[in-house]
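Trainee: Got a sequence here, can you model it:
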Amino acid sequence: MSFLCVFCSAAPSLPLRFWVNVIKNPQFVFDIHKNSITDACLSVVAQTFMDSCSTSEHKLGKDSPSNKLLYAKDIPNYKSWVERYYSDISRMPAISDQDMSAYLAEQSRLHLDQFNSMSALHEIYTYIIKYKDE
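Mentor: Numbers count the residues shown, from 1 in each chain. Okay, here's the model as predicted:
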């Protein structure tokens with residue numbers, strides 16, 4: 001079983017929690033301002049994503065929230081995409097610990113000059129000084 005397959009099948013909530021957080025809070029990744037209208041729209045997208053990844057069936061009725069009703073007819077199609085995704089991962093060949101270590105070491109070497117540790121330490125120091133009393 002591949003590393004990715006073990007990660008996703010053992011804890012499918014981890015990728016879900018990551019992506020829902022990025023969808024709901026794009027300002028964590030991008031330098032943008034999120035107004036209330038954008039927030040409401042992203043909440044619908046995030047809810048649709050969560051419903052698509054859910055293994056339980058949701059019974060919707062006239063009292064269901066509108067954000068769940070908006071994409072209700074599309075959820076079965078999205079669920080099949082999610083199932084196919086995890087099925088494809090489960091069929092991937094296993095990755096050895098040595099191969100994974102070699103890959104991570106190579107990525108570290110390739111991106112060595114992209115991270116300035118002194119600059120990062122300066123930013124942390126600036127943050128500490130700003131909030132030291134709190």
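Trainee: Which elements pack onto the lengthiest helix in the chain?
Mentor: Longest helix of the chain, by residue count under DSSP state H: helix 36-53. Under the contact criterion of 3 or more C-beta pairs under 8 Å, 6 or more residues apart in numbering; DSSP states H and E, helix 36-53 touches helix 13-24, helix 66-70, helix 75-90. For the C-beta atoms, the positions are set from N, CA and C on the backbone; glycine is no exception.
Trainee: Let's have those helices in CSV, adding distance to Leu112.
Mentor: Putting those into CSV (distance: least, C-beta to C-beta, whole Å) gives the following:
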stretch, distance to Leu112
helix 13-24, 25
helix 66-70, 45
helix 75-90, 30
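Trainee: could you redo the ones you listed as CSV and give each row mean neighbour count?
Mentor: Supplementary listing: the helices and strands packed on helix 36-53 in CSV, determined by neighbours: other C-beta atoms under 10 Å:
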stretch, mean neighbour count
helix 13-24, 14
helix 66-70, 13
helix 75-90, 13
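Trainee: Now the host helix or strand of Ala105: average pLDDT?
Mentor: Take DSSP states H and E as the rule and Ala105 turns out to sit in helix 97-110. Average pLDDT, helix 97-110: 94.
Trainee: Could I get the phi/psi values of Asn35?
Mentor: Dihedral angles of Asn35 (phi, psi; degrees, to the nearest 10) stand at phi -80, psi 180.
Trainee: Now for it, how many residues are close by?
Mentor: 9 (other C-beta atoms under 10 Å).
Trainee: OK, contacts around it?
Mentor: Going by C-beta atoms under 8 Å, 6 or more residues apart in numbering, Asn35 touches no other residue.
Trainee: Can you report how many residues neighbour Glu134?
Mentor: Neighbour number of Glu134 under other C-beta under 10 Å is 4.
Trainee: For it, give its distance to Ile124.
Mentor: 16 Å (C-beta to C-beta, to the nearest Å).
Trainee: Ok, Tyr71 next?
Mentor: Distance from Tyr71 to Ile124, by C-beta to C-beta: 41 Å.
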